[in-house]
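Asks: Provided below for reference: sequence and predicted model.
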Amino acid sequence: MSQLVTLSLSMNKINGMVPFTLCTLANTQALDVSLNYLTGKLPNCWNNNSQFMVLDFSSNNISGGIPNSICSLQKLESLHLSNNSLSDVFPTSLRECHSLVTLDLSYNNFYGSIPNWIPKSMPNLQILNLKFNKFSGYLPPQLSSLPKLHVLDLSHNNLSGSIPRNFGNFSGMTLSKKMDGLEDFDSIVFSMGYILLVIKGNEYKCKIILSLINVMDLSCNNFHGSIPEELTNLSELESLNLSRNHLTGDITNKISKMRELESLDLSKNNISGIIPPSLESMDFLEGLNLSYNNLSGRIPFEKHFTTFDDPYIYIGNLELCGPPLSINCSRDEVLTTPTSDVQEKDIWLHLGICSGFITGLWAVFIIMLFKGTWRVAYFQYVDNMCNRMYVAILVKFTILKRKYQHKYNWML
């Protein structure tokens, strides 16, 4: 096995401790033992003689922390430890993992604060997934200096404070999506790791090409304050999830600058104000959830916004009205914008009816004036109708008179 380049033992029923012999695979570049029943701790036997670029121990029952020797693997670019029972503060041993491109520690029990040294120690990081842990404290604003970051998932933690304004400076989420940079990520051909992303309200298990997706998920934390307007600078961001926090303020009308946004979830916050009309111009937006906030006013319902016809995405906003909700807007509000258009339409309708009536009347008059036979026939028809009406009235009167006389004589 000395020449083994890739070793994939994923989705088997391997159990027991993680064997130390894995550290001896000198020429192996990708190791995948995910989705098994491995237990115990990760071995602390890694050394710089190994060629590992990808390590995937996700979806096992490994406990403890991350061994100090892990960053002895100087070529390590992708580390997947998600869905285990790891428990520790954010490991300082990772400070020496300068080549990391993907770091996935999601679905574990890591705790403490997120360190501010991540950008300096991992300048090539493109995916940082720390969701479903127990991290607390403030978001370090230094994270925004990660120049290549495309996926940032810090959801389902105990993070607090406000969202840093410089989070709108992630250059990897503002540049057009290209394949540039993948030549520096040699392990892309070996990467067996998947990442769980929540997009449009659904969780997907994705194997992704790093440069082709831009996601930010800060949901299910304790963030407060307003949504930084600077986030709208992330023009290439495709999914933004800030739901289940304590965010206040309004939704900026500049949100339309996020021209690539496909999924926006701001539900279960305390956001107020109106739904900005500029949202209607976001042609790529397919997933939207604004439920359970303090939004007010009429729901935009033009252009492609008419496709958002599920009332659930708006419920819990007591002052929202209009379709697709069953709450009608007040008459004053309904008439504020379309009044002039409605009045103009009514005027033209009345003019059309009047002109049609006058034209028809004159047509009949002129025909009877110059067409003698039509004039005679018309007046004969009128005379016949009058005679018929006279006879009908006379007969009816005679019948009623006889009934009255009969009744009167019977009473006498």
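Replies: Nice, thanks for sending it over. Numbering: from 1, shown residues only.

Asks: only C-alpha atoms for contact and neighbour calcs from this point on.
Replies: Fine.

Asks: residue 237 and residue 150, how far apart?
Replies: 8 Å (Cα to Cα, to the nearest Å).

Asks: what residues do those two have in common as contacts?
Replies: 173, 213, 214, 215 (Cα atoms under 8 Å, 6 or more residues apart in numbering).

Asks: identify, from those residues, the entry nearest to residue 26.
Replies: residue 213 (33.1 Å; Cα to Cα).

Asks: so what's that closest one closest to, chain neighbours aside?
Replies: Nearest non-adjacent residue to residue 213, counting by Cα to Cα, 6 or more residues apart in numbering: residue 150, 6.5 Å away.

Asks: that neighbour: neighbouring residues, count only.
Replies: Here the count is done by other Cα atoms under 10 Å, and residue 150 has 26 residues near it.

Asks: wait, it touches residue 172, no?
Replies: Yes: the pair residue 150 and residue 172 passes the contact test of Cα atoms under 8 Å, sitting 5.6 Å apart.

Asks: how much space separates the residue nearest to residue 213 from residue 106?
Replies: For residue 150, the distance to residue 106 - Cα to Cα - is 16 Å.

Asks: ok, residue 319 next?
Replies: 38 Å.

Asks: who's more crowded, those two?
Replies: Shown here are residue 319 and residue 106; by other Cα under 10 Å, residue 106 has more neighbours (26 against 17).

Asks: wait, that one sits on residue 83?
Replies: Yes: counting by Cα under 8 Å, residue 83 is a contact partner of residue 106 at 6.3 Å.

Asks: where does the protein dip in pLDDT?
Replies: 1-2, 176-212, 331-412 (pLDDT under 70).

Asks: domain map for it?
Replies: 6-248, 350-411 (automatic domain parsing).

Asks: how about residue 75, what does it touch?
Replies: 51, 52, 53, 99.

Asks: what helix or strand is the second one located in?
Replies: Think residue 52. In the assignment (DSSP states H and E), residue 52 maps to no helix and no strand.

Asks: not counting residues beside it along the chain, what's closest to it?
Replies: residue 29 (4.1 Å).

Asks: that neighbour contacts residue 22, doesn't it?
Replies: No: the criterion here is Cα under 8 Å, and residue 29 misses it with residue 22 at 11.7 Å.

Asks: out of these two, which sits in the busier spot?
Replies: Neighbour count, other Cα under 10 Å: between residue 29 and residue 22, residue 29 has more, with 22 against 13.

Asks: ranges for the helices of the stretch 201-350 of the chain?
Replies: In the stretch 201-350 of the chain, the helices defined using DSSP state H, counting those that start in this stretch lie at 331-336, 339-370.

Asks: correction: the stretch 1-150 of the chain
Replies: Under DSSP H, counting those that start in this stretch, the stretch 1-150 of the chain gives helices at 118-121.

Asks: how about the strands of it, start to end?
Replies: 6-8, 15-17, 30-32, 37-39, 54-56, 63-64, 78-80, 85-86, 102-104, 111-112, 127-129, 134-138 (DSSP state E, counting those that start in this stretch).

Asks: out of those, which gets nearest to residue 276?
Replies: strand 134-138 (29.3 Å).

Asks: which of the residues in that closest one are buried?
Replies: Buried residues in strand 134-138, defined by neighbour count with 16 or more other Cα atoms under 10 Å: 134, 135, 136, 138.

Asks: which ones are touching the last one?
Replies: Residues touching residue 138, when contacts are defined by Cα under 8 Å, 6+ apart, comprise 113, 114, 159, 160, 161, 162.

Asks: who wins for most neighbours among those residues?
Replies: residue 159 leads the contacts of residue 138 on contacts (other Cα under 10 Å) with 25 neighbours.

Asks: and that residue, what helix or strand is that in?
Replies: Per DSSP H and E: strand 158-161 holds residue 159.

Asks: what separates that strand from the chain centre, distance-wise?
Replies: On the basis of Cα atoms, centre = their mean, to the nearest Å, strand 158-161 sits 22 Å off its chain's mean C-alpha point.

Asks: which helices and strands sit right next to that strand?
Replies: Where contact means 3 or more Cα pairs under 8 Å, 6 or more residues apart in numbering; DSSP states H and E, strand 158-161 is packed against strand 134-138, strand 222-226.

Asks: could I get the CA-only coordinates of the last one as CSV?
Replies: Output for strand 222-226, consisting of C-alpha atoms alone and laid out as CSV, is shown next (Å, rounded to 0.1, in the frame of the first residue of the first chain):
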residue,chain,number,x,y,z
ASN,A,222,-28.5,35.6,19.5
PHE,A,223,-27.4,38.4,17.2
HIS,A,224,-29.1,41.8,17.8
GLY,A,225,-29.0,45.2,16.2
SER,A,226,-29.8,46.1,12.6
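
Asks: quick one: strands adjacent to it?
Replies: strand 158-161 (parallel), strand 246-248 (parallel) (DSSP bridges).

Asks: over to the first one?
Replies: Sheet pairing here is set by DSSP bridges, and for strand 134-138 it gives strand 111-112 (parallel), strand 158-161 (parallel).

Asks: gap between the shortest one and the chain center?
Replies: The one in question is strand 111-112. 29 Å.

Asks: how about stretch 253-273?
Replies: Using Cα atoms, centre = their mean, the offset of stretch 253-273 from its chain centre is 8 Å.

Asks: what sits up against stretch 244-256?
Replies: By Cα under 8 Å, 6+ apart, stretch 244-256 touches 219-227, 229, 232, 266-279, 281-282.

Asks: show me what counts as buried in that stretch.
Replies: 244, 245, 246, 247, 248, 249, 250, 251, 252, 255, 256.

Asks: and stretch 33-40, by the same measure?
Replies: 33, 34, 35, 36, 37, 38, 39, 40.

Asks: same thing with stretch 117-125?
Replies: 118, 119, 121, 122, 123, 124, 125.

Asks: same thing with stretch 11-26?
Replies: Here stretch 11-26 shows 14, 18, 23, 25, 26 as buried, counting by 16+ other Cα under 10 Å.
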